[in-house]
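Asks: pasting the sequence and the predicted model now:
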Amino acid sequence: MKDRKQTNKQQDQTRLRRVSRRDFMGGAAAAAMAFTIVPRQVLGGRRYRPPSEKLNIAGIGVGGMGKSNVGACKTENIVALCDVDAAYAGGVCEEYPKARVYSDFRKMLDKQKNIDAVIVATPDHTHAVITMAAMRRGKHVYVQKPLTRTVYEARVLTEAARKYKVATQMGNQGHSGEGVRLICEWLWDGAIGDVREVHAWTNRPIWPQDADRPTDRPPVPESLDWDLWLGPAPWRPYHPVYLPKLWRGWWDFGCGALGDMACHVLDPVFWALKLRYPSSVEACAAMHVRPVPGGWGKRGLSTESFPTASIVRYEFPARKGMPPVKLHWYDGGLKPPRPDALEPGRRLEQAKSNVLFIGDKGVLRCGEYGDSPRLIPEKLMQEYERPPKTLPRIEGGQDGHEQDWVRACKARASQSSSGESACSNFDYSGPMTEAVVMGNLAIRRLGKKLLWDGKNMKVTNDDEANKYVNEPYRDGWSL
């Protein structure tokens, strides 16, 4: 794509600036917006944008993973950056001196009218409110995985994306890779026969879990807006045990090991087996012994953070041409037994994450992003005649995931007849996220097999579990 031309006058008006804390926290004293030489109305209406024209992209939550997501889109115009922690994100902001800088995404979306698309890479508990605010304003959105923290949020965002007709993508980059497509093509070709059982595992958590809320109250860093970081979550005192990187293990902010990795690890499972809503889910978890006054101790789980290890079992009903399937998830170092098809003396792969599809004619194994698929036993792999590659490939594979979204944004804006959606758009990633976080409902209700009515988003045999389907927001926050 060629960049649009600027006049010498425009170039003279452009000046580089370093990000001061006052600029970052307020965002009010910003440079004037760039303008388009040829009015968009002349080319075909207010929403028309030629595919050759660059997108104006804003990043929200740019100190962590957002840095990588924004960097993958630097072929476009990065016009705004937003983060609640000036110190954590300051270095990223200096990389894009033309971008206006904010601490509050609401002010950014209200004030800066030239934004076409938004990248959301904040902690899980703020994904939904930020994404919805952007979509309501007609902005295309790229949202880090997991799409949301709760089932209800995922459903609402999926429906809103259709309503507002924006291009969407979840940040599970493996969905753009070659491996996941090979898995689909092989399984649909009948490489291992019917699949009725799947085992998937991860080495997460690699951060502390099963912890109680800290009682000390260190001062809030000067660079951090703590109240804004909390967003819709219940208020609690600041503590560095939550941020910038450890929030994932706390119930109010993250989704634990499932939320961190299942949108990667289970992606080929959902796509290849055409899964949607589970019919049931149950879980078991490691319980630490907690001391009690004058006694030996008591086994139990923290109500504040996720367990150190868990197993979640899903059941999915039959789909068109496919039998019912049981899906087993393991984290915290737990793994499934060796599959019967694995040759004696051959080690089960010990990578960070793996998936085993158990078919009635063999086993298919892959890595955490659908990487390196392999049939078991090895004789089956050697004799298998691979089918034609029928699924569209994404240019750049996993590294092209953000650019796949950029392409979809431009096609949507230009009303291109060839404007296919991004590969992990919300119509796909929304229902998958619902199923993933359903596993956390089961962890909340250990010992219960929860029966799930996916259409109506309701546990039919445990009213207590339903309060976690759509958890209330703090006053002043809503979808």
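Replies: It's in.

Asks: can you give me the domain boundaries for this structure?
Replies: 8-175+399-424, 176-392+431-466 (automatic domain parsing).

Asks: now mean neighbour count, mean pLDDT and distance to Gly476 too, for the ones you listed, in TSV please.
Replies: Heads up, the C-betas are built off the backbone N, CA and C, glycines and all. As requested, the domains of the chain are arranged in TSV below (neighbours: other CB atoms under 10 Å; pLDDT from 0 to 100; distance: least, CB to CB, whole Å):
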stretch	mean neighbour count	mean pLDDT	distance to Gly476
domain 8-175+399-424	20	82	11
domain 176-392+431-466	18	95	9
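
Asks: including distance to Asp475, could those domains go into CSV?
Replies: CSV is the format used below for the domains of the chain (distance: least, CB to CB, whole Å):
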stretch, distance to Asp475
domain 8-175+399-424, 13
domain 176-392+431-466, 9
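
Asks: now the end-to-end length of stretch 353-371.
Replies: One end of stretch 353-371 sits 10 Å from the other (CA to CA, to the nearest Å).

Asks: returning to that earlier point: right, and the domains of the chain - which one's nearest Arg474?
Replies: Each of these has some distance to Arg474 by CB to CB; the shortest is domain 176-392+431-466, at 5.4 Å.

Asks: what about the closest one, distance to the chain center?
Replies: 13 Å (CA atoms, centre = their mean, to the nearest Å).

Asks: just checking, Asn461 touches Leu450?
Replies: Yes - using CB atoms under 8 Å, Asn461 is in contact with Leu450, at 6.9 Å.

Asks: which neighbours do those two share?
Replies: When CB atoms under 8 Å, 6 or more residues apart in numbering defines a contact, no residue borders Asn461 and Leu450 alike.

Asks: who's in contact with Gly254?
Replies: Gly254 makes contact with Pro123, Asp124, His125, Arg149, Trp247, Arg248, Asp260, Phe306 under the criterion CB under 8 Å, 6+ apart.

Asks: ok, the last one - contacts?
Replies: Listed by CB under 8 Å, 6+ apart, the contact set of Phe306 reads Pro205, Gln209, Asp210, Gly249, Trp250, Trp251, Gly254, Gly256, Ala257, Asn440, Ile443.

Asks: so what's the nearest residue to the second one once chain neighbours are set aside up against?
Replies: What it means is Gln209. Here the nearest residue to Gln209 in space, its sequence neighbours aside, is Gly249; by CB to CB, 6 or more residues apart in numbering that works out to 4.2 Å. Gly249 makes contact with Pro205, Trp207, Pro208, Gln209, Ala211, Gly256, Ser305, Phe306 under the criterion CB under 8 Å, 6+ apart.

Asks: just Leu356 next, same as before
Replies: Val198, His199, Ala200, Pro336, Pro339, Val363, Leu364, Arg365.

Asks: secondary structure class for it?
Replies: strand (DSSP: H, G, I helix; E, B strand; the rest coil).

Asks: where's it relative to Trp201, distance?
Replies: 9 Å (CB to CB, to the nearest Å).

Asks: so what sits opposite Ile376 in the bridge?
Replies: Val363 (DSSP bridges).

Asks: check contacts around it.
Replies: With CB under 8 Å, 6+ apart, Ile376 has these contacts: Pro339, Ala341, Leu342, Glu343, Gly362, Val363, Leu364, Arg365.

Asks: could you export the residues you listed as JSON lines, including distance to Lys67?
Replies: Formatted as JSON lines, those follow (distance: CB to CB, whole Å):
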{"residue": "Pro339", "distance to Lys67": "39"}
{"residue": "Ala341", "distance to Lys67": "42"}
{"residue": "Leu342", "distance to Lys67": "40"}
{"residue": "Glu343", "distance to Lys67": "44"}
{"residue": "Gly362", "distance to Lys67": "42"}
{"residue": "Val363", "distance to Lys67": "38"}
{"residue": "Leu364", "distance to Lys67": "35"}
{"residue": "Arg365", "distance to Lys67": "33"}
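
Asks: report the two of the residues you listed separated the most.
Replies: Glu343 and Leu364 (15.3 Å).

Asks: in contact with the most centrally placed residue in the chain: list those residues for me.
Replies: The centre of the chain sits closest to Lys145, judged by CA atoms, centre = their mean, with a distance of 0.8 Å. Residues near Lys145 by CB under 8 Å, 6+ apart: Met170, Gly171, Asn172, Gly259, Cys263, His264, Ser429, Thr433.

Asks: make it 6 Å
Replies: Met170, Gly171, Asn172, Cys263 (CB atoms under 6 Å, 6 or more residues apart in numbering).

Asks: please identify which pair of those residues lies farthest apart.
Replies: Gly171 and Cys263 (8.4 Å).

Asks: hey, where'd the helices end up in the stretch 1-150 of the chain?
Replies: 8-13, 21-26, 40-44, 65-71, 86-95, 105-111, 127-136 (DSSP state H, counting those that start in this stretch).
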